[in-house]
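Peer 1: What would the 3D arrangement of this be:
(one chain, ligands or ions: 1)
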Amino acid sequence: MRAIVPMVKMISVLSLSAFALFAPGAAEAPKPYGAVPSERQMLWHETEFYALIHYGINTYTDKEWGYGEESPALFTPTALDAGQVAGVLKGAGMRGVILVAKHHDGFCLWPTATTAHNVSKSPWRGGKGDLVREYADAAKKHGLRFGVYCSPWDRNSALYGTPGYIPLYHAQLRELLTRYGTLFEVWFDGANGGDGYYGGAREKRGIDRLTYYDWPRTWGLVRELQPAACIFGDVGPDCRWVGNEHGYAAEDSWATFTPKGRTDPARPANGDSKNHVEGPAGHRDGAAWIPAECDVPLRKGWFWHPNQDATVRSPAKLMDIYFNSVGKGGCMNLGIAPDRSGLVCEADRKSLEVFGNSLRALFAVNMAQGGKADASNVRAWQARPGQSHPYAADNALDDDRYSYWATDDDVTNATLTVALPAQTEFNVVRLRENIRLGQRVDGFAVDVLRDGAWQEYAKGLSIGACRLIRGPKVKSDRVRLRVTAAAACPCVSDLGVFMMPAAVTEAGAGQ
Ligand code: FUL
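Peer 2: As a prediction, the model looks like this:
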């Protein structure tokens, strides 16, 4: 008997694999659809929420854009502690931090060899300080990914606007890209050219934004020295500006985008107001995977100003932004402005702490986990001993963003029904596609079973890396995703249900 069982198993395995040979595609994974993310972009998607630190000369002059004539002697932090800042960011639920190492005023926060207009000429740490180093170290200690912003526009440099500035700018980048460990993002600002100090010339200087910075070489430096870093620019190449500074992507936002500015000489390369209009939604079936980064300052300004304490965005408002950025398949990049002491001030810290606690509480329990998923169609797969079904409906219930439920190639309308472990109250639904295979879904609806009948809870067009839906509180033990349109068989990696914590439920509260 014992010998027969394995034999029967063997025969059935053999005959099943023989069957697979005659059923073309039965065991094949779905083919990717359209543009797909690179490894560095997938890591960026997983980062989700991070900070953009604006701190420097402007902090001491009460300005947003320094003219470039400011004396380094003004840089006088009294209690600077990058560890305090990083701790606050971590507590807020962030996974990364980007430091503005040089803003438009040209003051470099690291001891650069390229210009005397830098932190070594300030009284801070007796001229021996390196703020980029302190932030990089603090980020590492707190488990945050690190990135830099080095403004192309430099209102201090006498060379700005001439060809001689480009080697200088590249040398600054080279220092930043080689001294501070692995970077997850390098940020290129779109505000370029205008009036400035320019070594005393005090004039207006314009540049050709399409050609001046030699973007192919500039981006090439990042690729060469920091291959894992995503490059942010108004129209990409790795992530695009969402087109506003409120932190909001469009209701339906696509990670794919066609960066017209780069090929059309009539449009600027790294900044174009027409393209910005298209930033929130992106382009369905755009040429490249260039998802939206949604930047927004925590306070009114990007830099700290003494009279802006009352403008700190509330935890409820931050949650709203999170749902409209991360929850629309992009990332949330929140501007943090340390004050003149060099620390995150109390008002900011408090809001970030409540928000972070709420975010953790929200996603602590996925009430779909432990449930049972069924689908109207599950992609055919040749069973192999010891292997679980790679396209099973249940794959949408685990925490893995890349394990997924898929249908057969010719099925683009399908339902995924989840029996929750118990009658459950919830008001948040999370959907994800396995973006390794591209953005495939073009329309979906979520239903909830109430009193024996399905009721539509939400609907939309795009899913992508993450779609968060916040609706009214409902109680049910059955949730259903209907994929109503898809460009290729859907590959859904998540259907989760959650409950929003009370601390952030006041609708639209705060700034
Ligand atoms: C803009 C800049 O001009 C602002 O000062 C700020 O740095 C923001 C994040 O980007 O383009």
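Peer 1: Tell me which residue in the protein sits closest to the ligand.
Peer 2: Using CB to the nearest ligand atom, the single residue of the chain nearest to the ligand is A191, 3.6 Å away. C-beta coordinates here come from the backbone N, C-alpha and C atoms, glycine included.
Peer 1: Who are the contact partners of that residue?
Peer 2: Residues near A191 by CB atoms under 8 Å, 6 or more residues apart in numbering: W65, H104, S151, W153, G271.
Peer 1: Would you mind listing the residues in contact with C239?
Peer 2: Q41, W44, E185, C230, I231, F232, I290, P291, A292, E293, G330, C331.
Peer 1: three-state assignment of Y169?
Peer 2: On the three-state scheme (DSSP: H, G, I helix; E, B strand; the rest coil), Y169 is labelled helix.
Peer 1: thinking it is in contact with D154, fair?
Peer 2: Yes: using CB atoms under 8 Å, Y169 is in contact with D154, at 7.3 Å.
Peer 1: Which of these two has more residues huddled nearby?
Peer 2: Each of Y169 and D154 has its neighbours counted (other CB atoms under 10 Å); D154 has more, 28 against 23.
Peer 1: follow-up on the earlier one: now, the contacts of C239 that are in strands?
Peer 2: E185, C230, I231, F232, A292, E293, C331 (DSSP state E).
Peer 1: For the spatially most central residue of the chain, give its distance to E456.
Peer 2: Nearest to the mean C-alpha position of the chain, counting by CA atoms, centre = their mean, stands C331 at 2.3 Å. The spacing between C331 and E456, counted by CB to CB, to the nearest Å, is 29 Å.
Peer 1: And W187, by the same measure?
Peer 2: 40 Å.
Peer 1: More neighbours: which of those two?
Peer 2: Each of W187 and E456 has its neighbours counted (other CB under 10 Å); W187 has more, 24 against 11.
Peer 1: Give the bridge partners for the nearest residue to the more buried one once chain neighbours are set aside, please.
Peer 2: Closest residue to W187 apart from its sequence neighbours, by CB to CB, 6 or more residues apart in numbering: Y149 at 3.8 Å. Note on Y149: beta-bridge partners V100, W187, judged by DSSP bridges.
Peer 1: show me the contacts for Y149.
Peer 2: L52, I98, L99, V100, A101, K102, H103, V186, W187, F188, D189.
Peer 1: Quick check, pLDDT for it.
Peer 2: Note on Y149: pLDDT of 98.
Peer 1: can you check G286 too?
Peer 2: Taking G286 on its own, its pLDDT is 96.
Peer 1: picking that back up, so which of the contacts of Y149 are also by the ligand?
Peer 2: Filtering the contacts of Y149 for proximity to the ligand (criterion: CB under 6 Å from any ligand atom) leaves L52, D189.
Peer 1: Just the buried subset of the contacts of Y149, written out for ChimeraX, thanks.
Peer 2: ChimeraX command restricting those to the buried ones, with burial defined by 16 or more other CB atoms under 10 Å:
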select :52,98,99,100,101,102,103,186,187,188,189
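Peer 1: just the contacts of Y149: which has the poorest pLDDT?
Peer 2: When these are compared on pLDDT, D189 comes out least confident, at 91.
Peer 1: in terms of contact, does that one touch S151 like I think?
Peer 2: Yes: using CB under 8 Å, D189 is in contact with S151, at 5.3 Å.
Peer 1: joint contacts of these two?
Peer 2: Taking CB under 8 Å, 6+ apart as the criterion, D189 and S151 both touch H104.
Peer 1: end-to-end on stretch 110-127?
Peer 2: 10 Å (CA to CA, to the nearest Å).
Peer 1: how about that stretch: buried residues?
Peer 2: Buried, per 16+ other CB under 10 Å, within stretch 110-127: W110, P111, T112, T114, T115, H117, N118, V119, S120, K121, S122, W124.
Peer 1: for it, the distance to its chain's centre please.
Peer 2: 32 Å (CA atoms, centre = their mean, to the nearest Å).
Peer 1: who touches that stretch?
Peer 2: 72-77, 80, 101, 106-109, 128-133, 156-157, 168, 171-172, 175-176, 179.
Peer 1: thinking again about what came up before, out of the contacts of C239, which two sit at the greatest distance?
Peer 2: I231 and G330 (15.6 Å; CB to CB).
Peer 1: The two: who's more crowded?
Peer 2: Using other CB under 10 Å as the criterion, I231 and G330 rank with G330 on top: 31 against 20.
Peer 1: you'd agree the more buried one is up against C294?
Peer 2: Yes: using CB under 8 Å, G330 makes contact with C294 at a distance of 5.2 Å.
Peer 1: what about stretch 278-287, near the ligand?
Peer 2: No: Stretch 278-287 stays clear of the ligand (CB under 6 Å from any ligand atom), getting no nearer than 12.9 Å.
Peer 1: how many other residues sit next to S71?
Peer 2: 12.
Peer 1: Do you know the pLDDT at it?
Peer 2: On pLDDT, S71 comes in at 98.
Peer 1: quick one: it from L359, how far?
Peer 2: 41 Å.
Peer 1: Ok, L131 next?
Peer 2: Applying CB to CB, the value for L131 to L359 is 28 Å.
Peer 1: Looking at those two, which has the bigger crowd around it?
Peer 2: Using other CB under 10 Å, the more surrounded residue of L131 and L359 is L131, with 26 against 22.
Peer 1: So for the more buried one, what's the nearest residue that isn't a sequence neighbour?
Peer 2: L109 is the one closest to L131 (CB to CB, 6+ apart), at 4.0 Å.
Peer 1: The one you found: neighbouring residues, count only.
Peer 2: L109, neighbours per other CB under 10 Å, totals 28.
Peer 1: Please name the residues that touch it.
Peer 2: Y55, G56, L99, V100, A101, K102, N118, V119, D130, L131, V132.
Peer 1: Is M94 in a helix, a strand, or coil?
Peer 2: M94 - assigned by three-state DSSP - is coil.
Peer 1: let me redo that: R436
Peer 2: Here R436 is helix, with the state taken from three-state DSSP.
Peer 1: My read is that Q308 contacts R299, right?
Peer 2: Yes: here Q308 reaches R299: they are 4.8 Å apart, a contact under CB under 8 Å.
Peer 1: ok, those two, which is more surrounded?
Peer 2: Neighbour count, other CB under 10 Å: between Q308 and R299, R299 has more, with 23 against 17.
Peer 1: residues contacting that one?
Peer 2: Contacts of R299 (CB under 8 Å, 6+ apart): H305, Q308, D309, T311, V312, R313, G335, A337, D348.
Peer 1: one more time with 7 Å, if that's ok
Peer 2: Q308, T311, V312, A337 (CB atoms under 7 Å, 6 or more residues apart in numbering).
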